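Asker: got a sequence here, can you build the structure:
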Amino acid sequence: MKLRTKFSLIVGILVVLLLVVTAVILFVFEKRGLTEDVRAGQTVLAKNLSRVSRDCFLRKDNMFLINYLKTIKRNDDTIVYAFFTDGNNRVFAHTNPSFLGEMLKDAFGEKALRTQKLIYEKRTGSDGEKVLDYAVPVVLTGSVRGIARIGFSEDIVNKNISASMNKIGRRILIAAVVSFLVALAAIFLVSNSIVKPIRLLMCGAELIGKGKLDTKINLKSGDEFAALAEKFNDMSEKLKELDEMKRDFTSSVTHELRSPLGAIETYINKMLDGGIDGFKETGFSDLFIMKNNAARLSRFIDDLLDTAKIESGRMDVDAKFFKLLPVVNDVVELFVPAAKEKNVVIAVKIPKTLPDVYADKERIRQVFINLISNALKFTPSEGRVEISATYLLSGGDFVEISVKDTGMGIPPEGLKYIFDKFRQVKGEGKSVKGTGLGLFIVKSIIDLSGGSIEVKSAVGGGTQFSLTLPIKKR
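Answerer: Prediction:
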């Protein structure tokens with residue numbers, strides 16, 4: 001079942017239930033109100049009869065009262081009878097002249113003579129007709145001098161009420177039908193306003209699923225659907241970035257694998273073609289080149305393994321106290337040949353009095369290898385790479401270390417991605433091949449060591465990595 005049909009069906013059922021409940025409530029309250037109005041009208045008529053009867057009794061004018069009784073009976077078909085009796089319960093005036101002068105001996109009349117307020121009772125006449133009998137005492141000089149009585153047919157009253165309720169019911173039904181039709185139109189409009197953005201989102205998701213990552217969902221409704229569309233657009237951008245990262249990573253991995261393997265294969269073929277004499281001439285230098293390329297492959301595989309360990313939370317850190325300066329000097333020695341080849345100066349400014357740091361020595365060595373290698377890679381000829389460290393007085397028990405170069409720098413928009421894995425942030429100069437794993441591993445090791453790292457543009461150009469390491473056990 002489609003969403004529009006399901007939504008329309010559910011809301012339609014709710015509207016019908018609401019209309020039915022409302023109609024029933026209206027019908028019940030209308031009937032109750034109409035019944036109360038009829039009772040109030042009967043009470044008013046009985047009291048009016050009492051006042052007219054009092055005046056006529058004082059004037060001894062029973063003819064006027066008889067005519068009045070006939071008039072009200074003729075004008076109201078619910079009146080069965082109306083009469084007035086004196087203090088002895090003798091009929092003074094009656095809608096039926098045959099009762100004039102008779103003495104009435106009924107319990108309700110006797111009860112009315114003993115009270116000074118309106119009373120009523122329901123009873124059944126001799127012909128089986130149900131009558132509501134009202135009795136209103138006529139009080140003169142503090143004593144009851146007569147009783148004004150009027151009887152209403154319950155059957156006719158109920159019949160009139162039923163007729164009125166039928167008219168009211170028809171009006172309620174018409175109003176309910178009109179309301180339902182209006183509600184149906186509203187349901188259609190609302191369901192369409194809900195389904196339309198969902199369809200747009202579905203179409204956008206389908207296009208994104210087909211690889212069209214430039215797809216944008218333009219939805220400006222200002223509601224949650226618009227927010228969801230923005231999330232879809234953000235997702236599309238992220239997928240596009242991931243796709244670009246995948247292509248870059250594939251290209252980098254291909255380069256990282258092909259270059260050393262190609263070099264190894266080339267020198268092996270050279271050695272095979274040259275035979276023993278050729279090996280005597282260049283064999284040892286060729287083996288050294290093959291060894292370096294094999295080490296390059298090994299480092300790449302180690303980076304992949306470290307990345308897998310970091311993502312699975314299985315990277316072990318064996319923290320101990322050690323001197324930072326010897327570790328940095330050892331790492332710098334590894335890069336001296338490459339630095340001389342590029343005519344780049346590597347300077348170390350770490351005081352011998354610097355407190356011992358508490359971290360994994362081999363992992364920190366790996367951090368400096370990656371940072372210095374990265375700095376050399378992006379620093380042009382005649383450039384400079386500087387490693388310095390100081391005790392962080394204002395930051396608690398940490399030392400602050402800086403690795404700064406005079407390279408091409410990092411554009412501001414790339415700073416927030418610099419530590420993402422497989423991310424190659426392009427600088428202002430030429431593009432440099434790499435896997436994009438080195439800085440990700442660096443940040444992960446520093447975080448596991450209880451320190452922090454950030455990157456910013458160096459003063460005078462280039463890039464500066466600032467990291468902290470603890471000097472006490474965590």
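
Asker: which elements pack onto whichever strand or helix holds residue 288?
Answerer: Using DSSP states H and E, residue 288 sits in helix 224-312. Where contact means 3 or more C-beta pairs under 8 Å, 6 or more residues apart in numbering; DSSP states H and E, helix 224-312 is packed against helix 154-209, helix 438-448. C-betas here are computed from N, CA, C, even on glycine.

Asker: summarise which helices and strands the last one is packed against.
Answerer: Pointing back at helix 438-448 there. helix 224-312, helix 361-378, strand 452-457.

Asker: helices or strands up against the helix or strand residue 468 falls within?
Answerer: Per DSSP H and E, residue 468 falls inside strand 463-470. Applying 3+ C-beta pairs under 8 Å, 6+ apart, we find strand 463-470 packed against strand 357-359, helix 361-378, strand 398-405, strand 452-457.

Asker: what is the distance between that strand and the centre of its chain?
Answerer: 40 Å (C-alpha atoms, centre = their mean, to the nearest Å).

Asker: residue 135 touches residue 110, doesn't it?
Answerer: No: counting by C-beta atoms under 8 Å, residue 135 does not reach residue 110; the two are 10.3 Å apart.

Asker: so the two - more neighbours on which side?
Answerer: Taking other C-beta atoms under 10 Å, residue 135 and residue 110 do not tie; residue 135 has more neighbours (23 against 12).

Asker: pretty sure that one sits in a helix.
Answerer: No: according to DSSP: H, G, I helix; E, B strand; the rest coil, the state of residue 135 is strand, so it is not within a helix.

Asker: so where is the protein shaky, pLDDT-wise?
Answerer: Within the chain, the set of residues satisfying pLDDT under 70 comprises 1, 3-4, 245-246, 248-257, 276-281, 296, 393-396, 422-436, 458-460, 474.

Asker: please identify the most buried of the helices and strands packed on strand 463-470.
Answerer: Among these, strand 357-359 has the highest mean neighbour count (mean count of other C-beta atoms under 10 Å), at a mean of 24.

Asker: just checking: what are the partner strands of it?
Answerer: strand 320-322 (antiparallel) (DSSP bridges).

Asker: who touches the partner strand?
Answerer: The contact list for strand 320-322 (C-beta atoms under 8 Å, 6 or more residues apart in numbering) reads 356-361.

Asker: return the distance of it from the chain's centre.
Answerer: 50 Å.

Asker: ok, now stretch 171-190?
Answerer: That offset, for stretch 171-190, works out to 30 Å (C-alpha atoms, centre = their mean).

Asker: likewise stretch 325-342?
Answerer: The answer for stretch 325-342 is 55 Å, by C-alpha atoms, centre = their mean.

Asker: buried set for that stretch?
Answerer: 325, 327-328, 331-332, 335, 339 (16 or more other C-beta atoms under 10 Å).

Asker: can you list the domains in the chain?
Answerer: 3-161, 213-313, 320-470 (automatic domain parsing).

Asker: quick one: the first one to chain centroid distance?
Answerer: Right, the one you point to is domain 3-161. Counting by C-alpha atoms, centre = their mean, domain 3-161 comes out at 62 Å from the chain centroid.

Asker: report how many residues lie close to the closest residue to residue 232 other than its chain neighbours.
Answerer: Once flanking residues are discounted, residue 232 sits nearest to residue 217: 5.2 Å by C-beta to C-beta, 6 or more residues apart in numbering. Neighbours of residue 217 under the rule other C-beta under 10 Å: 21.

Asker: tell me who's in contact with residue 444.
Answerer: Residue 444 neighbours (C-beta under 8 Å, 6+ apart): 310, 315.

Asker: at 10 Å what do you get?
Answerer: 306-307, 309-311, 315, 363, 367, 419, 421, 453 (C-beta atoms under 10 Å, 6 or more residues apart in numbering).

Asker: do the same with residue 84
Answerer: So residue 84 contacts 49-50, 52-54, 56-57, 62, 65-66, 68-69, 90-94, 136, 138, 146-150 (C-beta under 10 Å, 6+ apart).

Asker: now it: which helix or strand?
Answerer: Going by DSSP H and E, residue 84 is part of strand 79-86.

Asker: neighbouring strands - and their directions - for that strand?
Answerer: strand 91-94 (antiparallel), strand 143-153 (antiparallel).

Asker: does the residue nearest to residue 232 belong to a helix, a strand or coil?
Answerer: Going by three-state DSSP: residue 217 is coil.

Asker: quick check: it touching residue 227?
Answerer: No: look at residue 217 against residue 227 with C-beta atoms under 10 Å: they stay out of range, at 11.4 Å.

Asker: give the contact list for the closest residue to residue 184 other than its chain neighbours.
Answerer: Excluding the flanking residues, the one nearest residue 184 by C-beta to C-beta, 6+ apart is residue 12, at 7.0 Å. By C-beta under 10 Å, 6+ apart, the contact set of residue 12 is 180, 183-184, 187.

Asker: for residue 186, see how far away residue 12 is.
Answerer: When distance is defined by C-beta to C-beta, to the nearest Å, residue 12 is 11 Å away from residue 186.

Asker: tell me the centre residue of the chain?
Answerer: Centroid-nearest residue in the chain, with C-alpha atoms, centre = their mean: residue 224, separated by 7.5 Å.

Asker: looks to me like residue 409 is in a helix.
Answerer: No: assessed with three-state DSSP, residue 409 is coil; it does not lie in a helix.

Asker: for residue 190, grab the count of nearby residues.
Answerer: Residue 190 has 14 nearby residues by other C-beta under 10 Å.

Asker: that one is in contact with residue 15, isn't it?
Answerer: No: with contact defined as C-beta under 10 Å, residue 190 and residue 15 do not form a contacting pair (11.4 Å).

Asker: got any residues that touch both of these two?
Answerer: Counting by C-beta under 10 Å, 6+ apart, the residues touching both residue 190 and residue 15 are residue 183.

Asker: so which residue of the protein lies furthest out from the middle?
Answerer: residue 101 (85.5 Å).

Asker: that residue contacts residue 90, doesn't it?
Answerer: Yes: in this structure, residue 101 is within contact of residue 90 by C-beta under 10 Å, at 6.6 Å.

Asker: tell me, how many residues neighbour residue 102?
Answerer: For residue 102, using other C-beta under 10 Å, the count is 13.

Asker: JSON lines for the contacts of strand 320-322, including distance to residue 118?
Answerer: Putting these into JSON lines (distance: C-beta to C-beta, whole Å) gives the following:
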{"residue": "356", "distance to residue 118": "107"}
{"residue": "357", "distance to residue 118": "104"}
{"residue": "358", "distance to residue 118": "101"}
{"residue": "359", "distance to residue 118": "102"}
{"residue": "360", "distance to residue 118": "102"}
{"residue": "361", "distance to residue 118": "108"}
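
Asker: go through those residues and name the one nearest residue 382.
Answerer: Distance to residue 382, by C-beta to C-beta, is smallest for residue 357 among the contacts of strand 320-322, at 32.5 Å.

Asker: what distance do you get for the closest one to residue 337?
Answerer: Taking C-beta to C-beta, one finds residue 357 at 28 Å from residue 337.
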